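> sharing a model that was predicted from the sequence below.
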Amino acid sequence: MYTQSFNVQDSTGLKSVTPPAVENPEAQARFDQKIDADGKIEPQDWMPDGYRKTLVRQISQHAHSEIVGMLPEGNWISRAPSLKRKAILIAKVQDEGGHGLYLYSAAETLGTSRGQMLDALHSGKAKYSSIFNYPTLNWADVGVIGWLVDGAAISNQIPLCRCSYGPYARAMIRVCKEESFHQRQGYEALLTMMGGTDAQKAMVQDAVNRWWWKCLAMFGPPDADSPHSAQAMRWGIKRISNDDLRQKFIDATVPQARVLGVTLPDPDLKWNEERQHHDYGQIDWDEFWSTVNGNGPCNKERLATRVKAHNDGQWVRDAALAYSSKQLNKTLKDAA
Ligand code: FAQ
């Protein structure tokens, strides 16, 4: 359903960028050669400063998204409608926490510590996905997050399995396998509700109406307004542009909505025979930027919850450090 294929047109509308200054011509030539040959850059390899910074920015934002992304669904663990749904939801939320940890580890290989990344999140300097700043109002929202939010995340993340930076690409392979289970469990939960009462069906449609446009915005600004895309694609970090991924996601989701029996809330959504893609309506980019800049419905609550969880966990980090220093002292004493 969500493939590695390149069956989208080459992006032509990317914002143009000035190539970064060359810091070390010989090393740069070796780096360029590897990128052109579709090779992998590893932590010990020389890399341009801009490449390192772009990766730390993207991977840490991605890690923060996974961790903050635990919150909207986590709210529903104690209210899941059955033991089976509760067990599935606990496993899913736990997986998202694991994804955050692989990603922080991948970013650490670039020389930025987890403490620095978390400080940037907690002080509001670092971004995380806009989608996690909206509330989960009823149980259907949990299914819709699985189907649409995880579906959008997979569409974006599958090409990252071929990212030019080795540790990120390898982390993404496992993440995508788990996201695939997340998408399916959400879709299956919604299929069950759509076979239920009229009230359940209305609940699913209401959740789809509230989440659809927000999911389309997850892919980031249009190519023409995306400051990072052109260079990130030149470096083989991003493989498919924001607009092309958005299009792929829409084309994959329309038939799934039909099977489910819901209407996607866009009167302009229709198949375009000439383009062999669906046309779709206008995304509200003002709302997107307002949310990204901290003014969405749940931004303050999400950040406060993360900061509190981090502070409440200080004793665990202190205990782990005290234990490891005790072990080190013991080893040194035994060796003396
Ligand atoms: N939200 O030039 P571009 C998940 C920012 S994981 C907030 O296009 P880029 C799993 C962007 O950072 C979801 N900010 O930037 C899950 C940049 O700001 P900066 C997260 C956004 O990096 C499911 C500025 O706009 N996935 O859902 C957003 O080339 C269910 C300009 O944008 C990833 O992070 C946004 N939606 O492309 C968990 C995947 N879009 O840094 C729990 C990896 C853009 O200049 C439950 N990341 N911005 O201050 C990426 O692929 C890319 O970073 C993009 C953005 C595509 C997100």
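Okay, I see it.
> what about the nearest residue to residue 74 once chain neighbours are set aside, which SS state?
Using CB to CB, 6 or more residues apart in numbering and skipping the chain neighbours, the partner closest in space to residue 74 is residue 93 (5.2 Å). (Glycine included, C-beta is placed from N, CA and C.) At residue 93 the chain is in helix, as set by DSSP: H, G, I helix; E, B strand; the rest coil.
> also residue 278?
With three-state DSSP as the criterion, residue 278 reads strand.
> residue 294 contacts residue 124, correct?
Yes - between residue 294 and residue 124 there is a contact at 6.4 Å, judged by CB atoms under 8 Å.
> quick one: contacts of stretch 304-321?
67, 68, 71, 118, 121, 122 (CB atoms under 8 Å, 6 or more residues apart in numbering).
> now those residues as CSV including secondary structure and neighbour count?
As requested, these are exported to CSV (DSSP: H, G, I helix; E, B strand; the rest coil; neighbours: other CB atoms under 10 Å):
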residue, secondary structure, neighbour count
67, helix, 22
68, helix, 23
71, helix, 19
118, helix, 19
121, helix, 21
122, helix, 16
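> let me know the closest of those to residue 197.
Distance to residue 197 across those (CB to CB) is lowest for residue 71, with 29.2 Å.
> residues contacting the closest one?
132, 302, 305, 306 are the contacts of residue 71 under CB under 8 Å, 6+ apart.
> could you report the pLDDT at residue 52?
Per-residue pLDDT puts residue 52 at 97.
> and stretch 300-320, how far out from the chain middle?
Centroid displacement of stretch 300-320 relative to its chain, using CA atoms, centre = their mean, to the nearest Å, is 22 Å.
> mean confidence for it?
Stretch 300-320 carries an average pLDDT of 97.
> equivalent analysis for stretch 230-246, please.
On average, stretch 230-246 scores 97.
> measure it end to end?
Stretch 230-246 has an end-to-end distance of 16 Å (criterion: CA to CA, to the nearest Å).
> pull out the buried residues from it.
By neighbour count on 16 or more other CB atoms under 10 Å, the buried set for stretch 230-246 is 230-233, 235-246.
> over to stretch 74-90?
Buried, per 16+ other CB under 10 Å, within stretch 74-90: 74, 76, 80, 85, 88, 89.
> out of the residues you listed, who's nearest the ligand?
Distances from the ligand to those, taken as CB to the nearest ligand atom, are shortest for residue 74 (9.6 Å).
> how close does the closest one sit to residue 312?
15 Å (CB to CB, to the nearest Å).
> same check, this time on residue 241
For residue 241 relative to residue 312 (CB to CB), the value is 41 Å.
> what's the answer for residue 46, then?
Residue 46 is 41 Å from residue 312, by CB to CB.
> and the two most separated of the contacts of stretch 304-321?
71 and 118 (15.5 Å).
> can you tell me what sits against stretch 244-260?
Contacts for stretch 244-260 (CB under 8 Å, 6+ apart): 1-2, 8-9, 11, 147-148, 151-152, 155-156, 159, 187, 190-191, 194, 204, 208, 215-216, 219, 223, 240, 263-264, 269, 271, 277-278, 280.
> what parts of the stretch 201-336 of the chain come near the ligand?
217-221, 226-229, 232, 238, 242, 292 (CB under 6 Å from any ligand atom).
> got a markdown table for these, with secondary structure too?
Shown next, in a markdown table, are those (three-state DSSP):
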| residue | secondary structure |
| --- | --- |
| 217 | helix |
| 218 | coil |
| 219 | coil |
| 220 | coil |
| 221 | coil |
| 226 | coil |
| 227 | coil |
| 228 | coil |
| 229 | helix |
| 232 | helix |
| 238 | coil |
| 242 | helix |
| 292 | helix |
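> in ChimeraX, how would I select just the buried ones from these?
Per 16+ other CB under 10 Å, the buried members of these correspond to this ChimeraX selection:
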select :217,218,219,220,221,226,228,229,232,238,242,292
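> picking that back up, tally of neighbours for the residue nearest to residue 74?
19 (other CB atoms under 10 Å).
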